[in-house]
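S.K.: Compute the structure for the input listed below.
(one chain, ligands or ions: 3)
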Amino acid sequence: MSVPAAKTGGPGEAQARHVAIIMDGNGRWAKKRRMPRAFGHQKGVEAVRALVRGAQGLGLEVLTLYAFSTENWRRPEDEISDLMGLMERFILSDLEEMAGNNIRLKIIGDYKAFKGELVDLIEGALTRTAANTGTTIAVALNYGSMDEIARAATKAAAEGPITPETIARHLDTADLPPLDLLIRTSGEERLSNFLLWQAAYAELWFTDVLWPDFTADHLKQAMQDFATRERRYGGR
Ligand code: IPE
Ligand code: IPE
Ligand code: MG
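M.R.: Ligands and ions are numbered 1, 2, ... in the order given. Reported below is the predicted structural model:
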């Protein structure tokens, strides 16, 4: 994907093809209820499940979800292991439903750094849904933009001159449509090393809603908002 040459659509017309979400606020959601962070993460997974179901009718080609960053290894070991356990259980419980709904799963990030059983489950899920033609759910696992760009630049350099095009061709998102809309929940307004390159001309949408409370209606609202924006890509 690269920066489109000219503006596309006009106010009220644009249908987002690719939306990405920084799913933030599980810990604060739990804290507000005097519950452990793990409970917030569990509710966060339920929000993912409901959103993936609810996103079906929204005309999206790709929904990219930031689930674990290259910096999240800085968290205490027990929290990391809670998150890994939730991922395993989510694949085991939800893969068949997603596969049956024609969802194609994709991973961005260096997921092979995870432990072997989880890598095997992930690869099984990728294979199981590879031929599907509906919405792509791209999950960012052990993902960091700086790491992604460094990996892409290394591959590009081995082939010849480094240009924006040759780097873009090797990004984890190379086969996805351009990023249209980037959402972050929980009131934080930063990118936290997510899709830095791809967000060059994406529209940004922030909400105070904490991730476990985020629903398909919020996504719909963000997409309606997106449709009213005029994208100029530096032109006029
Ligand atoms: C997002 O919720 C989930 C991950 C980063 C894995 P947090 O765990 O960051 O929740 P807060 O930001 O502490 O509320
Ligand atoms: C970003 O959230 C990562 C994910 C949502 C997976 P963080 O909670 O890790 O981000 P910071 O630390 O507040 O920037
Ligand atoms: Mg957070």
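S.K.: Only C-alpha atoms from now on, for both contacts and neighbour counts.
M.R.: Will do.
S.K.: The top helix by length along the chain packs against which elements?
M.R.: Across the chain, the helix with the greatest residue count (assigned by DSSP state H) is helix 77-100. The contact analysis (3 or more CA pairs under 8 Å, 6 or more residues apart in numbering; DSSP states H and E) places helix 77-100 against helix 37-54, helix 116-129.
S.K.: which of those is buried the deepest?
M.R.: Comparing the helices and strands packed on helix 77-100 by mean neighbour count (mean count of other CA atoms under 10 Å), helix 37-54 comes out on top with a mean of 18.
S.K.: Taking helix 77-100 as reference, get the angle to the very next helix or strand once past that helix.
M.R.: On the C-terminal side of helix 37-54, the nearest following helix or strand under DSSP states H and E is strand 62-69. Calculated by axes from the mean of the first three to the mean of the last three CA atoms, to 10 degrees, strand 62-69 forms an angle of 160 degrees with helix 77-100.
S.K.: Packing partners of strand 62-69?
M.R.: strand 18-22, strand 136-143.
S.K.: Which strands and helices lie in contact with the last one?
M.R.: If you count contacts as 3+ CA pairs under 8 Å, 6+ apart, strand 136-143 packs onto strand 62-69, strand 104-108.
S.K.: Ok, the first one next?
M.R.: Other helices and strands packing on strand 18-22, by 3+ CA pairs under 8 Å, 6+ apart, are strand 62-69, strand 181-184.
S.K.: Now for residue 158, how many residues are close by?
M.R.: 9 (other CA atoms under 10 Å).
S.K.: still on that earlier bit, got JSON lines for the helices and strands packed on helix 77-100, with mean pLDDT and distance to ligand 2 too?
M.R.: JSON lines is the format used below for those (pLDDT from 0 to 100; distance: least, CA to the nearest ligand atom, whole Å):
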{"stretch": "helix 37-54", "mean pLDDT": "98", "distance to ligand 2": "10"}
{"stretch": "helix 116-129", "mean pLDDT": "98", "distance to ligand 2": "17"}
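S.K.: Name all residues that make contact with residue 125.
M.R.: 91, 95, 105 (CA atoms under 8 Å, 6 or more residues apart in numbering).
S.K.: and the first one, how far is that from residue 84?
M.R.: Relative to residue 84, residue 91 is positioned 11 Å away (criterion: CA to CA, to the nearest Å).
S.K.: ok, now the second one?
M.R.: Using CA to CA, one obtains 16 Å as the distance from residue 95 to residue 84.
S.K.: since we're on the nearest residue to residue 155 once chain neighbours are set aside, how many residues are nearby?
M.R.: Once flanking residues are discounted, residue 155 sits nearest to residue 170: 6.9 Å by CA to CA, 6 or more residues apart in numbering. Other residues within reach of residue 170, judged by other CA under 10 Å, total 19.
S.K.: counting contacts, what elements does the helix or strand hosting residue 225 pack onto?
M.R.: Secondary structure assignment for residue 225, by DSSP H and E: helix 216-227. Applying 3+ CA pairs under 8 Å, 6+ apart, we find helix 216-227 packed against helix 37-54, strand 181-184.
S.K.: Take the ones you listed and write them to JSON lines, including distance to residue 30.
M.R.: Formatted as JSON lines, these follow (distance: least, CA to CA, whole Å):
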{"stretch": "helix 37-54", "distance to residue 30": "5"}
{"stretch": "strand 181-184", "distance to residue 30": "18"}
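S.K.: Relative to ligand 1, which of the ones you listed is closest?
M.R.: helix 37-54 (6.5 Å; CA to the nearest ligand atom).
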